[in-house]
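Asker: just coords:
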């Protein structure tokens, strides 16, 4: 038995898409940019690109969150199913080890 425990609540509590949105908002510096300066205009264009990429990334991360949540639900259902089988049948027996002395004499 592996001893690995899947914490469904922890998996479902993580939302990567929100982090992407927060990053995009933190990087948005348009209000601080003086549009008269060429370097600042380039920085503004860069901020626009980062914002666009972040939105696309957030959409993909949202889909990943949905997938991970569904996977966590499946782990939970599987675990509950195993628990019911063990409760009814008892735990599985350990495999029998071969007798190294069989046919020795």
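Answerer: Alright, I've got the coordinates. Keep in mind it's a predicted model, so treat the numbers as computed, not measured.
Asker: only C-alpha atoms from now on, for both contacts and neighbour counts.
Answerer: Noted.
Asker: just the mean pLDDT for the one helix or strand residue 70 maps to, thanks.
Answerer: Using DSSP states H and E, residue 70 sits in helix 38-89. Helix 38-89 comes out with an average pLDDT of 82.
Asker: counting by contacts, list what that helix packs against.
Answerer: Helix 38-89 is packed against helix 8-13, helix 16-27, with contacts defined by 3 or more Cα pairs under 8 Å, 6 or more residues apart in numbering; DSSP states H and E.
Asker: lowest average pLDDT across the ones you listed?
Answerer: Of all the helices and strands packed on helix 38-89, mean pLDDT reaches its minimum on helix 16-27 (a mean of 64).
Asker: OK, contacts around the residue nearest the centre of the chain?
Answerer: Taking Cα atoms, centre = their mean, the centroid of the chain lies closest to residue 68, which sits 5.4 Å from it. Neighbour list for residue 68: 11-12 [criterion: Cα atoms under 8 Å, 6 or more residues apart in numbering].
Asker: repeat for the one 5 residues further on
Answerer: If a contact means Cα under 8 Å, 6+ apart, then residue 73 has residue 8 as its contacts.
Asker: the residue lying closest to residue 92 once chain neighbours are set aside and residue 80: what is the separation?
Answerer: By the measure of Cα to Cα, 6 or more residues apart in numbering, the closest residue to residue 92 outside its immediate chain neighbours is residue 86, 7.7 Å from it. Using Cα to Cα, to the nearest Å, residue 86 is found at 10 Å from residue 80.
Asker: try residue 74
Answerer: Counting by Cα to Cα - residue 74 and residue 80 are separated by 10 Å.
Asker: go on, residue 9?
Answerer: Counting by Cα to Cα - residue 9 and residue 80 are separated by 15 Å.
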